[in-house]
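Participant: from the sequence below, what's the structure:
(2 chains)
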Amino acid sequence: MLRIEYVYWLIAAFLLYCGLRDLRERRAWHAAFWLVLGVLFGAGDYVLAQQAAGHALPAQLAGIGVIVLALLAPRLHRHAHAEEGSAAQRLQSAIRLGHKLLVPALLIPLVTLLVALFGGYLAFAGRHLFATAQMTLTGLALACVIALFAAARVARAPLSAGLAEGRRLLDAIGWAALLPLLLAALGEVFTQSGVGAAIAALATSWLPTGSALACLVTFALGMVLFTVIMGNAFAAFPVMMAGIGLPLLIRQHGADPAILGSMGMLCGYCGTLLTPMAADYNLVPAALLELRNPYGVIRAQLWSAWWILAATFVTMWLLAFR
Amino acid sequence: MNYWPLLGVAVIVVGFLLRFNPVLVVVTAAVGSGLLAGLTIPALLALLGKSFVSSRMLMLFVLTLPAIGLLERAGLREHAQRWMTRLHGLTLARLLIGYLLLRQLLAALGLTGVAGAAQTVRPLLAPMGEAAAAKIHPGLDDADRDELRAVAAATDNIGRFFGEDVFIALGAVLLIQGFYAQHGIELSPLSIALWALPTAVAAFVIQSVRIWLYQRRLQRRAAGLRAEAAD
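Facilitator: Numbers count the residues shown, from 1 in each chain, chains lettered A, B, ... in the order given. Got it, this is the predicted structure:
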């Protein structure tokens, strides 16, 4: 059965490969960074299993690993690798191969889609081929492997060339690849240390609770601001809902819960478009597209986010208190 | 109420503004907030380690890199650009708006992992967009190319965000339903997802208008350039 754990082991193997290649090229900081990360990925399930069984030591060691990564990150200067082949060679190859080049690229979304839709029905010798947990993501990983084989066939290149190219791209992204995981960890620490409760208490202390509009404005802007800080609307929602939404807007002013919940969450999504803390949507794509300004994607989203927020707020104001 | 952990938020804001390495800033903020909230060092380390490995799925995109890198070496981006120049009816705005619609619809069906910055924007949408922009204005420089790629990434994000909320079995809707259920309000997922529709439509219209305005700006610059050349 294909489980998401195997996917993590595959990522770990790729990271360890990158680290070992760096070691051979005597780039010690890079090697240490990718090797530590690879070990964290490979050992992750063991850490979680031990933690669930009440043994904290592996998780503490993983925590030390995270801090080591943070200390190594400033030493990873983005390394400009030689561009893959010359521009003329690539153009020639593009003309020769034509639409065949699109096939492996489209296999990634296509195989993912097929697994997401039909993966649950596939069985081999009475056992399901895919575990139901995270089936789409397992499908994406499978799609990537299939696409790599297809790409090697189309380009008549060895698989090792794919690994080398993958390493080149990973080096171009560098530490930015790690940020989403660290921000998720930060969100967890913020929640445990009561940052959310403190912000909600601050917001309600000066709020004129008699005015439905003032409460709704605070709720919506609070969702945006809190999402900007935490990088995730899911973290903001329970805090703002428990602080303002439920006691003031629903219980006191009679707002419709379905409308308030759905549209309040969407106000938070507008915040996600604005913040570097949502690194997986804003900073990683900027690195992946090799933009010179790491905040370029946020800048492109800025006005869309404010207009969508305005539209959502007005709709919420008109509909929630009918 | 213990307000000291809020200093962690201040570390984030100051650290990002002063452009320190974000990885270091985030870990410093986490350690600072945790210690100020009274967590012991072993508990804090365990919390950091556990939550880091629990979110490993966020690095899944690295698995796309070998295939994409190999295809790029074989000329995928050059091919996407050449193909785009041959498709005469497909303008920059039509390409991006079409992608936005497709992304929103797929996300509304719960298929968020199908497209993304690594899977579709870098290998396909960005080079096709660059070729479409070059059809409008041949003399684009590096800054223009960066802006175009950023618009493509923004379109991908907006399509995903404001589509996924309509899907009833995905995180957001279930989180909202779960929160209300805990507080004694019973709602069906459908009644929550339904109210995401007005924003989904608004987001599509707003981003489409901005894409169209962006294209018009390029067209005007090109027209200005041609007028100059004619003088």
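Participant: okay, residue B:231 and residue A:46: tell me how far apart.
Facilitator: Counting by Cβ to Cβ, to the nearest Å, the separation of residue B:231 from residue A:46 is 72 Å. (Each C-beta comes from the backbone N, C-alpha and C, glycine too.)
Participant: so what's residue 112 up against?
Facilitator: Using chain A. Contact criterion Cβ atoms under 8 Å, 6 or more residues apart in numbering or on different chains gives A:136, A:139-140, A:143, B:111, B:113-114, B:119 as the residues in contact with residue A:112.
Participant: my question was about chain B, not that one.
Facilitator: A:136, B:106, B:160, B:163-164, B:170.
Participant: where's residue B:183 relative to residue A:262, distance?
Facilitator: With the distance defined as Cβ to Cβ, residue B:183 ends up 16 Å from residue A:262.
Participant: higher neighbour count, the two?
Facilitator: Higher neighbour count among residue B:183 and residue A:262: residue A:262, with 27 against 14, using other Cβ atoms under 10 Å in any protein chain shown.
Participant: which SS class is that one?
Facilitator: Following DSSP: H, G, I helix; E, B strand; the rest coil, residue A:262 is assigned to helix.
Participant: if I look at it, how far off is residue A:224?
Facilitator: 16 Å.
Participant: same deal with residue B:89?
Facilitator: Remark: distance between residue B:89 and residue A:224 (Cβ to Cβ) = 39 Å.
Participant: and these two? Which one has more around it.
Facilitator: Relative neighbour count places residue A:224 above the other of residue B:89 and residue A:224, with 25 against 5, counting by other Cβ under 10 Å.
Participant: quick one: contacts for the closest residue to that one other than its chain neighbours?
Facilitator: Counting by Cβ to Cβ, 6 or more residues apart in numbering or on different chains, residue A:224 lies nearest to residue A:271, which is 3.9 Å off, once chain neighbours are set aside. Residues in contact with residue A:271, defined by Cβ under 8 Å, 6+ apart, are A:223-228, A:233, A:236, A:305.
Participant: okay, now the domains of the chain?
Facilitator: By default, I'm working from chain A. Dividing chain A into domains by automatic domain parsing, as the record does, gives the ranges A:4-77, A:87-157, A:180-320.
Participant: hm, I was asking about chain B
Facilitator: With domains defined by automatic domain parsing, chain B comprises B:4-54, B:58-230.
Participant: adding mean pLDDT, write those out as TSV.
Facilitator: Below are those laid out as TSV (pLDDT from 0 to 100):
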stretch	mean pLDDT
domain B:4-54	89
domain B:58-230	89
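Participant: go through those and name the closest to residue A:53.
Facilitator: Closest of the domains of chain B to residue A:53 is domain B:4-54, at 12.6 Å (criterion: Cβ to Cβ).
Participant: dump the contacts of residue A:112 to TSV, plus distance to residue A:151 and secondary structure.
Facilitator: As requested, the contacts of residue A:112 are arranged in TSV below (distance: Cβ to Cβ, whole Å; DSSP: H, G, I helix; E, B strand; the rest coil):
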residue	distance to residue A:151	secondary structure
A:136	22	helix
A:139	18	helix
A:140	16	helix
A:143	12	helix
B:111	23	coil
B:113	19	coil
B:114	18	coil
B:119	14	helix
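Participant: circling back: pick the most buried one from the domains of chain A.
Facilitator: The highest mean neighbour count among the domains of chain A, using mean count of other Cβ atoms under 10 Å in any protein chain shown, belongs to domain A:180-320: a mean of 22.
Participant: so where's the stretch 101-250 of chain A uncertain?
Facilitator: For the stretch 101-250 of chain A, the stretches with pLDDT under 70 are A:133.
Participant: where do the strands sit along it?
Facilitator: In the stretch 101-250 of chain A, strands defined by DSSP state E, counting those that start in this stretch lie at A:123-124, A:127-128, listed in chain order.
Participant: adjacent strands (with direction) for the last one?
Facilitator: The reference is to strand A:127-128. Neighbouring strands of strand A:127-128 in its sheet, by DSSP bridges, are strand A:123-124 (antiparallel).
Participant: quick one on the thing from earlier: export the domains of chain A as CSV, with columns for distance to residue B:32.
Facilitator: What follows is the domains of chain A, written out as CSV (distance: least, Cβ to Cβ, whole Å):
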stretch, distance to residue B:32
domain A:4-77, 13
domain A:87-157, 32
domain A:180-320, 9
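Participant: residue nearest the centroid of chain B?
Facilitator: The centre of chain B sits closest to residue B:157, judged by Cα atoms, centre = their mean, with a distance of 3.0 Å.
Participant: in this structure that one contacts residue A:273, no?
Facilitator: Yes: applying Cβ atoms under 8 Å as the test, residue B:157 and residue A:273 come out as touching, 6.4 Å apart.
Participant: give me the common contacts of those two.
Facilitator: By Cβ under 8 Å, 6+ apart, the residues touching both residue B:157 and residue A:273 are A:281-282, A:301.
Participant: and chain B, which of those reach it?
Facilitator: Restricting the shared contacts of residue B:157 and residue A:273 to those within reach of chain B (Cβ under 8 Å from any Cβ of the partner chain) leaves A:281-282, A:301.
Participant: secondary structure element for residue B:185?
Facilitator: In this structure, residue B:185 sits in neither a helix nor a strand according to DSSP states H and E.
Participant: how far does stretch B:136-146 sit from the chain's center?
Facilitator: Taking the mean C-alpha point of stretch B:136-146 and that of its whole chain, the gap between them comes to 22 Å (Cα atoms, centre = their mean, to the nearest Å).
Participant: oh, I was asking about stretch B:12-32
Facilitator: For stretch B:12-32, the distance from its own C-alpha centre to the chain's C-alpha centre is 22 Å (Cα atoms, centre = their mean).
Participant: output the strands of the stretch 101-250 of chain A in TSV, with distance to residue A:158 appended to each entry.
Facilitator: Formatted as TSV, those follow (distance: least, Cβ to Cβ, whole Å):
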stretch	distance to residue A:158
strand A:123-124	30
strand A:127-128	34
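Participant: could you find the closest non-adjacent residue to the residue most central in space within chain A?
Facilitator: Central residue check for chain A by Cα atoms, centre = their mean: the C-alpha nearest the mean position is that of residue A:280, 3.8 Å away. By the measure of Cβ to Cβ, 6+ apart, the closest residue to residue A:280 outside its immediate chain neighbours is residue A:180, 3.8 Å from it.
Participant: which residues does that neighbour contact?
Facilitator: Contact criterion Cβ under 8 Å, 6+ apart gives A:279-280, A:284, B:55, B:58-59 as the residues in contact with residue A:180.
Participant: can you do 7 Å?
Facilitator: Counting by Cβ atoms under 7 Å, 6 or more residues apart in numbering or on different chains, residue A:180 makes contact with A:279-280, A:284, B:58.
Participant: next one: it from residue A:290, what distance?
Facilitator: Distance of residue A:180 to residue A:290, computed by Cβ to Cβ: 19 Å.
Participant: and residue B:38, by the same measure?
Facilitator: Taking Cβ to Cβ as the measure, residue B:38 and residue A:290 are separated by 43 Å.
Participant: with residue B:54 instead?
Facilitator: Computed as Cβ to Cβ, the residue B:54 to residue A:290 distance reads 30 Å.
Participant: residue A:131 too?
Facilitator: Distance of residue A:131 to residue A:290, given as Cβ to Cβ: 36 Å.
Participant: now residue A:243
Facilitator: Using Cβ to Cβ, we find residue A:243 at a distance of 41 Å from residue A:290.
Participant: repeat that for residue A:204.
Facilitator: Per Cβ to Cβ, residue A:204 is found 45 Å from residue A:290.
Participant: and if you look at residue B:154?
Facilitator: Plainly put, residue B:154 is 16 Å away from residue A:290 if you go by Cβ to Cβ.
Participant: now residue B:6
Facilitator: Here the distance between residue B:6 and residue A:290 works out to 36 Å (Cβ to Cβ).
Participant: one more: residue A:104?
Facilitator: Distance check for residue A:104 against residue A:290: by Cβ to Cβ, it reads 21 Å.
Participant: residue A:56 is in contact with residue B:45, isn't it?
Facilitator: No: shown here, residue A:56 and residue B:45 do not form a contact pair, counting by Cβ atoms under 7 Å, at 8.5 Å.
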